[in-house]
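Participant: the following block contains a protein sequence and its predicted model.
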Amino acid sequence: MLSSQLSPDGTTLTITPEGRFDFKIHREFRHAYANATGAKHYVINLSRTEYLDSSALGMLLLLREHAGGARADIRILNCKPDVHTIFQVANFHKLFTLT
């Protein structure tokens, strides 16, 4: 399950996966960013995420491609230590802003 919110000016989309960030929410995740046509900035809030797997990494890469590739402005916030380690091992700290 996830929630998404577009900023009042329509330029920033915040997506918050809740519980497990895995393939079961693939359709919801893609739908959230595909329908936010004016978004230029993306925030993935992991404060409510207890688990993520390799499919979540793939979903983040698809978002990056959708958002402009290397020019994409995607911030991943509130990473728990285990999740942060996964991102480091996968070199995602080179592709995304992690905090």
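Facilitator: Great, that's in hand.
Participant: from here on, contacts and neighbour counts on C-alpha atoms
Facilitator: Noted.
Participant: tell me the secondary structure of residue 26, please.
Facilitator: Classification of residue 26 using DSSP: H, G, I helix; E, B strand; the rest coil returns helix.
Participant: contacts for the strand or helix carrying residue 58?
Facilitator: Per DSSP states H and E: residue 58 is located in helix 54-66. Under the contact criterion C-alpha atoms under 8 Å, 6 or more residues apart in numbering, helix 54-66 has outside partners 21-23, 26, 29-30, 33, 70, 72, 74.
Participant: of these, closest to residue 85?
Facilitator: Closest approach between those and residue 85, by C-alpha to C-alpha: residue 21, at 15.6 Å.
Participant: number of residues surrounding the closest one?
Facilitator: 25 (other C-alpha atoms under 10 Å).
Participant: bridge partners for it, pull those for me.
Facilitator: Counting by DSSP bridges, residue 21 is bridged to residue 52.
Participant: run through the residues that contact it.
Facilitator: By C-alpha under 8 Å, 6+ apart, residue 21 lies in contact with 49-53, 56.
Participant: per-residue pLDDT, it?
Facilitator: pLDDT recorded at residue 21 is 96.
Participant: now the contacts of residue 21: which count as buried?
Facilitator: By neighbour count, with 16 or more other C-alpha atoms under 10 Å, the contacts of residue 21 hold 49, 51-52, 56 as buried.
Participant: just these now: which is nearest residue 42?
Facilitator: For the buried ones among the contacts of residue 21, the nearest to residue 42 is residue 56 (15.5 Å; C-alpha to C-alpha).
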